[in-house]
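*Asks:* attaching a predicted model along with its sequence, questions to come.
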Number of protein chains: 2
Amino acid sequence: MRRKGLASMAVQVTETATSPTVALGPAVALSCRECGQRFPLGPIFACQECFGPLEVAYDLPSGDPEGLRKRIEAGPDNIWRYAPLLPVPVDVADKPNLNPGFTKLVKADRLAAELGVTGGLYVKDDSGNPTHSFKDRVVAIAVEAARAFGFTTLSCSSTGNLAGAVGAAARRAGFKSCVFIPHDLEAGKVVMAAVYGGDLVGIEGNYDDVNRFCSELIGDPLGEGWGFVNVNLRPYYGEGSKTLAYEICEQLGWRLPDQIVIPIASGSQLTKIDKGLKELIALGLVEDKPYKIFGAQAEGCSPVSAAFKAGHDVVRPQKPNTIAKSLAIGNPADGPYVLDIARRTGGAVEDVNDEQIVDAIKLLARTEGIFAETAGGVTVGVTKKLIEDGLLDPTLTTVVLNTGDGLKTLDAVAAGPTATIRPDLDAFRAAGLDG
Amino acid sequence: MRRKGLASMAVQVTETATSPTVALGPAVALSCRECGQRFPLGPIFACQECFGPLEVAYDLPSGDPEGLRKRIEAGPDNIWRYAPLLPVPVDVADKPNLNPGFTKLVKADRLAAELGVTGGLYVKDDSGNPTHSFKDRVVAIAVEAARAFGFTTLSCSSTGNLAGAVGAAARRAGFKSCVFIPHDLEAGKVVMAAVYGGDLVGIEGNYDDVNRFCSELIGDPLGEGWGFVNVNLRPYYGEGSKTLAYEICEQLGWRLPDQIVIPIASGSQLTKIDKGLKELIALGLVEDKPYKIFGAQAEGCSPVSAAFKAGHDVVRPQKPNTIAKSLAIGNPADGPYVLDIARRTGGAVEDVNDEQIVDAIKLLARTEGIFAETAGGVTVGVTKKLIEDGLLDPTLTTVVLNTGDGLKTLDAVAAGPTATIRPDLDAFRAAGLDG
């Protein structure tokens, strides 16, 4: 995987391979996912040698898993309980931040009964985060990196959820903000992105256009002093998704699930959950055993699913057309890594159409009382399809991610009163309802 | 306070004053708030002697505050950590329920700076509950009572938030549901109330009309076997609000706040928070000291505020006209008790107009990154006004409740993009934004 377009954006870095002056806890360097070259911690995201994506490299605590487990369990009820495994300052919990995470892992017995899952079905419900999507996790980490690197404005390209998460986190943490979204997003996401103040810019185009624009802006003097959480802070930002893996395992009693179904937008979340699971194994926090990772897309934006089914290693970009706007990234940066992980773990990548997405939202709502965003409809719908196709084993422990909130995608769900009546018993009797 | 209209609805009860067969933890009876008469635990809500409202009476654990505190702290991260103080079965945490509560108590330093509060300002943010309002707390308790009394359908009259909370909880717990709302609610609340399935009935009228209709229905064969969470299950339901008091004190380090600002709809929440604080003192879980309770209303529905200012003991009903629809109860059942508590504790009841509500929503969003419902705008706006009027002491520890989520009252907040542009740098430069 080469990203020549990013070459000009990789800012100047020093020669040393570690970063003694940047205090981001156990993080010691950035490391190229492709060639392994190491760089000091800084606001860079592409390898200067091969243009591959950079990841955070750690000096993680080792040798005392029981002590580490106890330290985590005694920590706060949010992602900072995992601070020893994240690129954040040791005193992160004392800084103003939205403190997301440690959302509910819901044992979904009624959904399991409908889907025929007998091995235990769980919904990791990230609608419980401060701005009601998993994006609060990644932004919280990016905020700490932005502080460390002296940025004063937070920015991002967003399909909606991220814009709200950045706006809220910026206010709470005392940053300015300027965020970019496609001009045609759902009302709930637009208002939520705007209400915190700061600048919200609608871009005439789709997410991929917004993303290209932000890449230009970051190389321009206009963007100086700006931390783009999902561009120049992306290596840190991405690590926030590892906390989903940590929480799922801790909430299962420090145990790996057998199967996880994860939505794919850029693919970053899926790759980082895999990274998080591997870290827990390496640290001895969970017992090693096989697990399968499944990716979920909407049919109207299914470049990774299409590549998986065709047996390809690379992803052909698509022009998105789906109600699952938070997953509508036609050119997913981490697509190839997702394909690799799904194949290596024995999982799969599947997609469902808009009608199946809505049906799945309603299925989850009427079985578990969880009102998911369209992205949650995608994972639940794909889970159903994978079981029907024999690709997901219903006798194994399975976790399905709901990464957002139904209140942000109201238009996708046509739901209203069963009846509207005058306030009298005869009118109610005539309506013929029985609960 | 007499409620003659409820006389016919007080169902037949036995002669015993305790209820050995109903297993609701420490709850031992229902007790009349007016005359003290006790009744066995059952689905009744009005005293058969004087028609006063009934409350749950307990045999609470005493004599070992340190042991109780440790037991609570070792409990789950939701309201069931307080099960020893609630009318719920001892194994409540193992039953399917939405498990609300233990929401964030946010130290709001930036808001404090804007309001001039120096004694510590906290926002108790109940938008973090499963359906994003405090109603999940009261419904969770009502669900357990409904189970205990053998009801198969859950119902309620609602200004919106409660309808969603009941719909979701009913699905999760395996009940049928039929909920009633005014026909003209916000889209977010209507969809959320409908999406879980069950019946949702729009009533042509305001909340007080809906409430009257439900009171009729409960006395009719049509309503047989139905648990109306805020009518015949009201004594249990109301106890859920005590958990706000418990959490606030525990999150302050087992310490009473000096001042609390609470929204008033029916007034139940405010009275139960006071009850919860008094219980913590009686149990030795917090040190006794004075605290002041302030009530907050919207000017367009301010019957309690009007009575407070006029020095009246009773509340004259109003016809609501405000954007704070979740507080739009013109004839609040617990109004007189609210007046008593505000006066007894040295607090006050105040109101703000719609413009002040929207300003306060934006103030909270841009200082703390919390997007509140209109009800949250009411409490923040009233806090500001109380400080300006010298009624709330800014040098004391103050807690302000946000009981709902801005995503449910989007229309109240006019917020949109700062600019909409083509995806190029010149267009961005021309927009003249700086974050």
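*Replies:* Alright, I've got the coordinates. Numbers count the residues shown, from 1 in each chain, chains lettered A, B, ... in the order given.

*Asks:* which ones are touching the closest residue in space to residue A:279 that isn't next to it in sequence?
*Replies:* The shortest distance from residue A:279 to any non-neighbouring residue, by Cβ to Cβ, 6 or more residues apart in numbering or on different chains, is to residue A:85 (6.4 Å). The way it works is simple: take the backbone N, C-alpha and C, and place the C-beta from them, glycine included. Counting by Cβ atoms under 8 Å, 6 or more residues apart in numbering or on different chains, residue A:85 touches A:26, A:58, A:60, A:242, A:246, A:279, A:283.

*Asks:* quick one: the last one from residue A:82, how far?
*Replies:* Shown here: residue A:283 relative to residue A:82, a distance of 11 Å by Cβ to Cβ, to the nearest Å.

*Asks:* repeat for the third one
*Replies:* Residue A:60 sits 11 Å away from residue A:82, going by Cβ to Cβ.

*Asks:* the two: who's more crowded?
*Replies:* Neighbours were tallied for residue A:60 and for residue A:82 using other Cβ atoms under 10 Å in any protein chain shown; the higher tally belongs to residue A:82 (22 against 15).

*Asks:* hang on, that one packs against residue A:71?
*Replies:* No: judged on Cβ atoms under 8 Å, residue A:82 makes no contact with residue A:71 at a distance of 9.9 Å.

*Asks:* residue nearest the middle of chain A, spatially speaking?
*Replies:* Nearest to the mean C-alpha position of chain A, by Cα atoms, centre = their mean, lies residue A:269 at 4.4 Å.

*Asks:* out of everything not next to it in sequence, what's closest to that residue?
*Replies:* Using Cβ to Cβ, 6+ apart, the closest residue to residue A:269 is residue A:241 (4.4 Å).

*Asks:* burial of that neighbour, as a residue count?
*Replies:* Neighbours of residue A:241 under the rule other Cβ under 10 Å: 24.

*Asks:* what sits against it?
*Replies:* With contact set as Cβ under 8 Å, 6+ apart, residue A:241 has these partners: A:134, A:137-138, A:268-269, A:272-273, A:276.

*Asks:* can you put those residues in JSON lines and add distance to residue A:306?
*Replies:* Formatted as JSON lines, the contacts of residue A:241 follow (distance: Cβ to Cβ, whole Å):
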{"residue": "A:134", "distance to residue A:306": "24"}
{"residue": "A:137", "distance to residue A:306": "28"}
{"residue": "A:138", "distance to residue A:306": "26"}
{"residue": "A:268", "distance to residue A:306": "19"}
{"residue": "A:269", "distance to residue A:306": "19"}
{"residue": "A:272", "distance to residue A:306": "23"}
{"residue": "A:273", "distance to residue A:306": "22"}
{"residue": "A:276", "distance to residue A:306": "27"}
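
*Asks:* neighbour-wise, which one of these leads?
*Replies:* Counting neighbours by other Cβ under 10 Å, the top entry in these is residue A:138, with 31 neighbours.

*Asks:* how about the residues of the stretch 1-150 of chain A by chain B?
*Replies:* Residues of the stretch 1-150 of chain A lying near chain B by Cβ under 8 Å from any Cβ of the partner chain: A:77, A:96, A:98-99, A:102, A:104, A:109-110, A:128, A:130-132.

*Asks:* which of these fall in helices?
*Replies:* Those of the residues of the stretch 1-150 of chain A next to chain B mapping onto helices are A:109-110, per DSSP state H.

*Asks:* what residues does the stretch 301-435 of chain A put near chain B?
*Replies:* Residues of the stretch 301-435 of chain A lying near chain B by Cβ under 8 Å from any Cβ: A:361-362, A:365-371, A:405-408, A:410, A:413, A:415-425, A:428-429, A:431, A:433-435.

*Asks:* for PyMOL, what selects the buried ones among those residues?
*Replies:* A single PyMOL command suffices to select whichever of those are buried according to 16 or more other Cβ atoms under 10 Å in any protein chain shown:
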select buried, chain A and resi 361+362+365+366+367+368+369+370+371+405+406+407+408+410+413+415+417+418+419+421+423+425+428+433+435
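
*Asks:* filter the residues of the stretch 301-435 of chain A next to chain B down to the ones in helices?
*Replies:* Using DSSP H, those in helices are A:361-362, A:365-368, A:425, A:428-429, A:431.

*Asks:* can you give me the helices for chain A?
*Replies:* According to DSSP H, the helices that chain A contains are A:65-73, A:109-115, A:135-149, A:161-173, A:187-195, A:207-218, A:234-239, A:242-251, A:268-282, A:303-310, A:335-345, A:354-368, A:374-388, A:425-431.

*Asks:* among the ones you listed, which is nearest residue B:346?
*Replies:* Among these, helix A:161-173 comes nearest to residue B:346, with 32.2 Å by Cβ to Cβ.

*Asks:* show me what the closest one is packed against.
*Replies:* Contacts defined by 3 or more Cβ pairs under 8 Å, 6 or more residues apart in numbering or on different chains; DSSP states H and E place helix A:161-173 against helix A:135-149, strand A:153-157, strand A:176-182, helix A:187-195, helix B:354-368.

*Asks:* quick one: distance of the lowest-mean-pLDDT helix or strand in chain A to the chain centre.
*Replies:* Between all helices and strands in chain A, the lowest mean by mean pLDDT, DSSP states H and E belongs to helix A:187-195, at a mean of 88. On the basis of Cα atoms, centre = their mean, to the nearest Å, helix A:187-195 sits 19 Å off its chain's mean C-alpha point.

*Asks:* ok, back up a step: identify, from the contacts of residue A:85, the entry nearest to residue B:206.
*Replies:* When these are compared for distance to residue B:206 (Cβ to Cβ), residue A:246 wins out at 48.0 Å.

*Asks:* what sits closest to residue A:146 if chain neighbours are left out?
*Replies:* Leaving aside its chain neighbours, residue A:146 sits nearest to residue A:227 (3.8 Å; criterion: Cβ to Cβ, 6+ apart).

*Asks:* right, and that neighbour touches residue A:233 too?
*Replies:* Yes: assessed by Cβ under 8 Å, residue A:227 is found in contact with residue A:233 at 5.1 Å.

*Asks:* touching both of these two, which residues are there?
*Replies:* Residues touching both residue A:227 and residue A:233 by Cβ under 8 Å, 6+ apart: A:43, A:142, A:145-146, A:149.

*Asks:* just among those, which is most surrounded?
*Replies:* Of those, with other Cβ under 10 Å as the count, residue A:142 tops at 30 neighbours.

*Asks:* does that one touch residue A:229 like I think?
*Replies:* Yes: if you go by Cβ under 8 Å, residue A:142 and residue A:229 touch, sitting 3.8 Å apart.

*Asks:* spell out which residues are contacts of both of these two.
*Replies:* The contact sets of residue A:142 and residue A:229 overlap at A:154, A:237 (Cβ under 8 Å, 6+ apart).

*Asks:* pLDDT score for residue A:224?
*Replies:* The model reports residue A:224 with a pLDDT of 89.

*Asks:* show me chain A divided up by domain.
*Replies:* Following automatic domain parsing, chain A resolves into domains at A:1-59, A:105-132+A:241-412, A:135-237.

*Asks:* and those domains as TSV, adding distance to residue B:339?
*Replies:* Converted to TSV, the domains of chain A look like this (distance: least, Cβ to Cβ, whole Å):
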stretch	distance to residue B:339
domain A:1-59	52
domain A:105-132+A:241-412	35
domain A:135-237	34
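
*Asks:* of these, flag the one that's most buried.
*Replies:* Sort the domains of chain A by mean neighbour count, taking mean count of other Cβ atoms under 10 Å in any protein chain shown, and domain A:135-237 sits at the top with a mean of 24.

*Asks:* that's all I had, so thanks and see you.
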